[in-house]
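Chemist: give me a model of this one.
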Amino acid sequence: MRIVFFGTPDFAVPSLDTLRRGGHDVVAVVTQPDRPHGRSRSKLVPPPVKVAALAAGLDVLQPERPVGDLFAATLRHHRAELGVVAAYGHILKPDILAIPTRGMINVHASLLPRWRGAAPIQAAILHGDRVTGVSIMQMEAGLDSGPVYLRRELPIGAEDTADILTARLAELGAEAVLEVVDGLDAGNLTAEAQHEADATFAPKITRTAARVPWHQSATEVVLHIRAFDPWPGAWTEGPAGDLKLFTPRLAEGAGTPGMVLQADKALVVACGEGAVQVAEVKAAGGRRMAAADWLRGRSLAVGDRLG
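Modeler: As a prediction, this is how the structure comes out:
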């Protein structure tokens, strides 16, 4: 089948590679433009999908936004039968969705209709879900509301971060999307409408949302830190500025929420119920490092408040 592929981050690369190796003709790849990277912001870095597509000798398109007559005409020129979207990063308008003769399908990293929206992986961890997965759906004008061809489940590990879970779901999504494309090509696959009453939403992540809610229970704080690892990083205000926290676990102790209970060989902080030990931190302008190393020579002391 002739496919135009839309995707940008690492999550989308396995789907692109699997479709290509599965015998389908990827006639074009649409990805976001190269973006500045690093502290100086002077170097443009290509998205992972572009790197993979060029390595495979595929035609790459990088519109700032996927709109307009010129972009639509370019898509039509490729005469795609199907569009496949995996974490592209832009909402596609109905006129673009209609260009491939069989429309477009999406690799969504949740068990729809649970966690529609931009951040389903983070939402699943944050809310303590024990199982997540991928859904392959037919795209329509609504937000992740189209009928679903296939769902595949994946358990969430007790120490899974968003980064770890994203990598596992990317591989599962690649397997699932190839199965769906093969089924569509054979003409033996139908989609099932989602149950709107069961829909939940995972909004785009903001820095404010990643702030550590010390008033919650230790279990909830652990989930929060895992959900925002590595980006944008769960953060809190400290005596010396903002501090990002990683690799948490439940710890013994109690106190006012946000109070530092230990600050020598380990960083332990009180929550609304219980306490959390954090194994890694990242100070503003610094690198991610062991909390014990960061604490050496720091002014953080037992009784200080994080917030």
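Chemist: Ala291: what's its closest spatial neighbour, skipping adjacent residues?
Modeler: Leu267 (4.3 Å; Cβ to Cβ, 6 or more residues apart in numbering). C-betas here are computed from N, CA, C, even on glycine.
Chemist: the nearest residue to Asp229 once chain neighbours are set aside and Arg288, how far apart?
Modeler: Nearest residue to Asp229 in three dimensions, chain neighbours excluded: Thr161, at 4.0 Å (Cβ to Cβ, 6+ apart). Noted for Thr161: a distance of 12 Å to Arg288, by Cβ to Cβ, to the nearest Å.
Chemist: looking at those two, which is more packed in?
Modeler: Thr161 (21 against 15; other Cβ atoms under 10 Å).
Chemist: show me what contacts the more buried one?
Modeler: 125, 226-227, 229-230, 246 (Cβ atoms under 8 Å, 6 or more residues apart in numbering).
Chemist: which among the residues you listed end up buried?
Modeler: 125, 226-227, 229, 246 (16 or more other Cβ atoms under 10 Å).
Chemist: just the ones of those residues in helices?
Modeler: Among these, the ones falling in helices (DSSP state H) are 125, 226-227.
Chemist: now stretch 197-216 - C-alpha only, CSV.
Modeler: Provided in CSV are the C-alpha atoms of stretch 197-216 (Å, rounded to 0.1, in the frame of the first residue of the first chain):
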residue,chain,number,x,y,z
ALA,A,197,-19.2,8.1,28.0
ASP,A,198,-15.9,6.4,28.9
ALA,A,199,-13.7,9.2,27.4
THR,A,200,-11.0,10.8,29.5
PHE,A,201,-8.5,13.5,28.5
ALA,A,202,-4.8,14.0,28.8
PRO,A,203,-4.0,17.7,28.1
LYS,A,204,-0.8,19.0,26.8
ILE,A,205,1.9,19.1,29.5
THR,A,206,2.8,22.5,31.0
ARG,A,207,5.6,23.4,33.4
THR,A,208,3.0,24.3,36.1
ALA,A,209,1.5,20.8,35.9
ALA,A,210,4.9,19.3,36.6
ARG,A,211,5.3,21.1,39.9
VAL,A,212,5.6,18.5,42.7
PRO,A,213,2.3,18.4,44.8
TRP,A,214,3.8,17.8,48.3
HIS,A,215,0.4,18.0,49.9
GLN,A,216,-0.6,14.7,48.2
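Chemist: tell me where the stretch 51-200 of the chain has strands.
Modeler: In the stretch 51-200 of the chain, the segments counted as strands under DSSP state E, counting those that start in this stretch are 60-61, 82-86, 104-108, 116-117, 131-138, 148-155.
Chemist: dump those to JSON lines, plus distance to Pro94.
Modeler: What follows is the strands of the stretch 51-200 of the chain, written out as JSON lines (distance: least, Cβ to Cβ, whole Å):
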{"stretch": "strand 60-61", "distance to Pro94": "19"}
{"stretch": "strand 82-86", "distance to Pro94": "12"}
{"stretch": "strand 104-108", "distance to Pro94": "10"}
{"stretch": "strand 116-117", "distance to Pro94": "18"}
{"stretch": "strand 131-138", "distance to Pro94": "13"}
{"stretch": "strand 148-155", "distance to Pro94": "19"}
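Chemist: using JSON lines, please lay out those strands together with mean neighbour count and distance to Val67.
Modeler: Formatted as JSON lines, the strands of the stretch 51-200 of the chain follow (neighbours: other Cβ atoms under 10 Å; distance: least, Cβ to Cβ, whole Å):
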{"stretch": "strand 60-61", "mean neighbour count": "17", "distance to Val67": "13"}
{"stretch": "strand 82-86", "mean neighbour count": "26", "distance to Val67": "15"}
{"stretch": "strand 104-108", "mean neighbour count": "25", "distance to Val67": "15"}
{"stretch": "strand 116-117", "mean neighbour count": "19", "distance to Val67": "21"}
{"stretch": "strand 131-138", "mean neighbour count": "23", "distance to Val67": "21"}
{"stretch": "strand 148-155", "mean neighbour count": "17", "distance to Val67": "27"}
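Chemist: same list (the ones you listed) but as a markdown table, adding mean pLDDT.
Modeler: A markdown table is the format used below for the strands of the stretch 51-200 of the chain (pLDDT from 0 to 100):
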| stretch | mean pLDDT |
| --- | --- |
| strand 60-61 | 98 |
| strand 82-86 | 98 |
| strand 104-108 | 98 |
| strand 116-117 | 98 |
| strand 131-138 | 98 |
| strand 148-155 | 98 |
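Chemist: of those strands, which approaches Asp198 most closely?
Modeler: Proximity to Asp198 (Cβ to Cβ) singles out strand 116-117 among those, at 10.4 Å.
Chemist: helices or strands up against that closest one?
Modeler: With contacts taken as 3 or more Cβ pairs under 8 Å, 6 or more residues apart in numbering; DSSP states H and E, strand 116-117 sits against strand 201-202.
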